[in-house]
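Below are the sequence and a predicted model; questions follow.
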Amino acid sequence: MEWLDHWRLVGAPRPNRAERLGRLVGLRVLRIPGVPRVLVVAGSTDRLRDLLVQPVSLRPTRRAVVVVAYWRAPRRGWSSGIVPLDHLRRHRVALPGRGRGTALVSVRLSRSVQLREVLRAALGALVPGRPLPAPAGPSLTSHRTLPAYLPAGGTVLLGELVGSPDIRAYDVLLRAPGGTGVGPGAPPYAVGWSTTRHGAAAPDAPPAVLVDALRINPRGRRPDCYRPDAPRVRLDFTPAARRPGPGAYPLDGPGVTAPVLATLRQTGVVDCPEVPDTDPVAVAALLVQIAMTGAVLSVPALPERVAGLIAPELRVLLTAPVPRTGALALEARSVVQRRAALRGHATAFAVPRLVSAVFPQLGPVPSVSAILATRRPERLPEAVRMLVAQTYPELEIVLCLHGVELPEPVRVTLAGCGRPYEVVRVPAAASFGAALGAATRRARGSLVSKFDDDDSYAAEHVWDLVLARHYSGATLVGKGSEFVHLETRGMTLRRPSGTAESDCQVVAGGTILIARGDLEAVGGWRPVPRSVDLGLLDRVRRDGGGIYRTHPLGYVYHRRATGHTWDPGEDYFLDSASAYWPGLPAEVLGEVDEPPGRPAPDQRTGSAAARPDRS
């Protein structure tokens, strides 16, 4: 069967009020005759990001006004400024007083720059935008073409390539197939790739599908989209015998755009009964993008040419049956799928892997130091076991002994774990905050993550935090303490703990991840005996930093009979619980394999087990 280059989602749910406004306004770039000014009107910041990959964004301008019709502050009281912009003379940022409404950014320049550069600067005033830290990394330059996967910080060069006598002009250069522009002599770049809209390839190598995860990600995914009654849509590719119907998108376009993102945020499952292979890179990129949003993709069969372009980890998930044993199982599949798509195809993670032959010293991911401070040596064997089991490749373990000695079995475990580690000793009289500060001083990772000794962490926990740090652009990321295990009752419950995949004010202290430079810039850990996590969150907020809460799976907050510093009693957790399970379900730790016969956790009905006896 022949296929046209169009696709659409069939059976999409009705958009919410904010998205209806966004669609009404749409995305427009207006030039007023006789006035050297560009007016950009976008219904939302998602639509503003879409403009970054449209050719009109490459036009030069000296004056621009950017209006977002519906803008919402990441948190109450948040504000920021535009990021540095060359030749800036004057700018103005106007945000709505109540944190939602119309936002405006205007700039005036002494020399013309690409509208794309103006949009990048304006986004700095509208959304958090911290890049992933890296001790070394290649620059990314596109020559006379605009790939959909190029991040906002990437450069688009429209003129001739210009060499430099002092430094190599370009690290990684992207050019359209057959593109020229290199004169005689050595090329002024280290890596030269041929690029299409969604893929890049070295000479005589298969293309790699890449996606800008700052534009396409699970941010804003609705918590009720895993229920049995959640919307389920179908992905159709239009055959040659029919004209594209309403809501169709060209396959050679940017892929998932703001209206599609809004649909997928409400969608539980996307069925794709038939997949074409006439344009395998574009088709594979579309499937990867949908997977990145968290909507569970069901693809019974993948053509060989398409399958070969998708990361093996993700490919297996796309063709596996969709879980039918309850909302929690579907949520776990969503998390595993989006994780595989992000680390396999996000530009920030894929490009370092692809250039490793030329730059072998560059790490593919930022290094992370996992800091565990404890006064309880009896907790150390299990806590260290979970740290060693983390799948994140660049992980250092920093163990802070707070007035206690290192048990011999733990010493043996650390010595044989194959990871770098540090053992830091502080006196028992030191405050908890001071102990964390001493451990951080010894940490060598670009990112720092705090672990608690009495909670449970799945093996992919650190990966989840690093991925969220990338696509959220927040200063600090973490998870909510939604899942609580009551040891005395042998049960796990789920309770409200804020909205996942959203900006927030607070995350669970045992899940904090922050760049070491950002941590030190806000003053580090406060040297207080308790509430150290809240002290850091407050410092980040006061410094204007963003805080982001990713999905809650893979972290379990434990309540034990031995008591806690903060102890409101078990009824506090039971009264707010929406679901109960005996033991600790595998799905809570992000595992998707389900042995037959196990009770199906169903959050819609509230429980997979009988309501616990309070007596």
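Good, I have the coordinates. Numbers count the residues shown, from 1 in each chain.

Please, which helix or strand holds Arg108?
Following DSSP states H and E, one finds Arg108 within strand 100-114.

no no, Lys450
strand 447-451.

List of residues touching that strand?
Residues outside strand 447-451 that contact it (Cβ atoms under 8 Å, 6 or more residues apart in numbering) are 133, 366-372, 383, 386-387, 436, 440, 457, 462, 465-466, 469, 509-516, 519, 533. Where you see a C-beta, it was placed from the backbone N, CA and C, and this is true even at glycine.

Neighbouring strands - and their directions - for that strand?
The strands beside strand 447-451 in its sheet (DSSP bridges) come out as strand 368-374 (parallel), strand 513-515 (antiparallel).

Next secondary structure after the shortest one?
I take that to be strand 513-515. Following strand 513-515 in sequence, per DSSP H and E, is helix 516-521.

buried ones in that next one?
Residues 516, 518-519 are the ones in helix 516-521 that count as buried (16 or more other Cβ atoms under 10 Å).

Pick the one among those residues closest to Leu210.
Nearest to Leu210 among the buried residues of helix 516-521 is Asp518, at 26.9 Å by Cβ to Cβ.

My read is that Glu587 contacts Leu330, right?
No: contact criterion Cβ atoms under 8 Å: Glu587 and Leu330 do not qualify, at 9.1 Å.

Give me the nearest residue to Gly517, chain neighbours excluded.
Leaving aside its sequence neighbours, Gly517 sits nearest to Pro133 (Cβ to Cβ, 6 or more residues apart in numbering; 6.5 Å).

A strand includes that neighbour, no?
No: under DSSP: H, G, I helix; E, B strand; the rest coil, Pro133 falls outside any strand and is assigned coil.

so what are the domain limits for this structure?
What automatic domain parsing lists as the domains of the chain is 32-126, 140-209, 219-345, 367-589.

As JSON lines, those with distance to Val351 and mean pLDDT would be great.
Formatted as JSON lines, the domains of the chain follow (distance: least, Cβ to Cβ, whole Å; pLDDT from 0 to 100):
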{"stretch": "domain 32-126", "distance to Val351": "17", "mean pLDDT": "94"}
{"stretch": "domain 140-209", "distance to Val351": "7", "mean pLDDT": "89"}
{"stretch": "domain 219-345", "distance to Val351": "11", "mean pLDDT": "93"}
{"stretch": "domain 367-589", "distance to Val351": "13", "mean pLDDT": "93"}
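
now the ones you listed as JSON lines including distance to Leu21?
Shown next, in JSON lines, are the domains of the chain (distance: least, Cβ to Cβ, whole Å):
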{"stretch": "domain 32-126", "distance to Leu21": "5"}
{"stretch": "domain 140-209", "distance to Leu21": "24"}
{"stretch": "domain 219-345", "distance to Leu21": "11"}
{"stretch": "domain 367-589", "distance to Leu21": "19"}
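
who wins for proximity to Val10 among those?
Closest to Val10 of the domains of the chain, according to Cβ to Cβ: domain 219-345, at 4.4 Å.

Next, the distance between the ends of the closest one.
End-to-end distance of domain 219-345 (Cα to Cα, to the nearest Å): 17 Å.

cool, stretch 189-203 as well?
For stretch 189-203, the end-to-end distance is 14 Å (Cα to Cα).

residues of it that come out buried?
Buried residues in stretch 189-203, counted by 16+ other Cβ under 10 Å: 189-202.

Looking at Glu587 and Leu330, which has the bigger crowd around it?
For Glu587 versus Leu330, the count of surrounding residues by other Cβ atoms under 10 Å is larger for Glu587: 27 against 24.

Shouldn't the more buried one be within a strand?
No: looking at Glu587 with three-state DSSP, it is helix, so not inside a strand.

still on that earlier bit, okay, the buried residues of stretch 189-203 in TSV with secondary structure next?
Below are the buried residues of stretch 189-203 laid out as TSV (three-state DSSP):
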residue	secondary structure
Tyr189	strand
Ala190	strand
Val191	strand
Gly192	strand
Trp193	strand
Ser194	strand
Thr195	strand
Thr196	coil
Arg197	coil
His198	coil
Gly199	strand
Ala200	strand
Ala201	strand
Ala202	coil
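
Next, the distance between the ends of stretch 489-500.
End-to-end for stretch 489-500, by Cα to Cα: 27 Å.

before we move on, what about stretch 418-436?
For stretch 418-436, the end-to-end distance is 24 Å (Cα to Cα).

ok, and what's touching it?
Defining contact as Cβ under 8 Å, 6+ apart, one finds that stretch 418-436 is touched by 371, 373, 375, 388, 395-404, 406, 414, 438-439, 442-444, 450, 525-530, 532, 535.

May I see the buried residues of that stretch?
In stretch 418-436, the ones that count as buried by 16+ other Cβ under 10 Å are 419, 421-422, 424, 426, 430-436.

Distance from that stretch to the middle of the chain?
Its chain's C-alpha centre and that of stretch 418-436 lie 30 Å apart, by Cα atoms, centre = their mean, to the nearest Å.

taking the buried residues of stretch 418-436 one by one, which sit in strands?
Per DSSP state E, strands hold the following members of the buried residues of stretch 418-436: 421-422, 424, 426.

From those, pick the one nearest Leu109.
Glu422 (48.2 Å).

what's the most distant pair in the buried residues of stretch 418-436?
Spanning the widest gap among these are Arg419 and Ser431, at 28.1 Å by Cβ to Cβ.

any idea how far Thr499 lies from Pro250?
As judged by Cβ to Cβ, to the nearest Å, Thr499 and Pro250 stand 34 Å apart.

Then Glu331?
The spacing between Glu331 and Pro250, counted by Cβ to Cβ, is 32 Å.

of these two, who's got more company?
Legend: neighbour count by other Cβ under 10 Å for Glu331 and Pro250, higher for Glu331 (29 against 14).

What are the phi and psi values at that one?
With angles defined as degrees, to the nearest 10, Glu331 sits at phi -60, psi -40.

what's near enough to touch it?
Applying Cβ under 8 Å, 6+ apart, the residues near Glu331 are 226, 551, 553, 587.

could you dump the residues you listed to JSON lines with distance to Val41?
Formatted as JSON lines, the contacts of Glu331 follow (distance: Cβ to Cβ, whole Å):
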{"residue": "Tyr226", "distance to Val41": "35"}
{"residue": "His551", "distance to Val41": "33"}
{"residue": "Leu553", "distance to Val41": "39"}
{"residue": "Glu587", "distance to Val41": "44"}
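
Tell me the one among those nearest to Asp86.
His551 (38.2 Å).

And the closest residue in space to the closest one that isn't next to it in sequence, how close does it get to Ser334?
Nearest residue to His551, sequence neighbours excluded (Cβ to Cβ, 6+ apart): Ala500, at 4.9 Å. Going from Ala500 to Ser334 by Cβ to Cβ gives 11 Å.

try Arg343
15 Å.

Same check on Gly159?
44 Å.

Leu317 too?
From Leu317 across to Ser334, the span is 10 Å (Cβ to Cβ).

These two: which is more packed in?
Ser334 (26 against 22).
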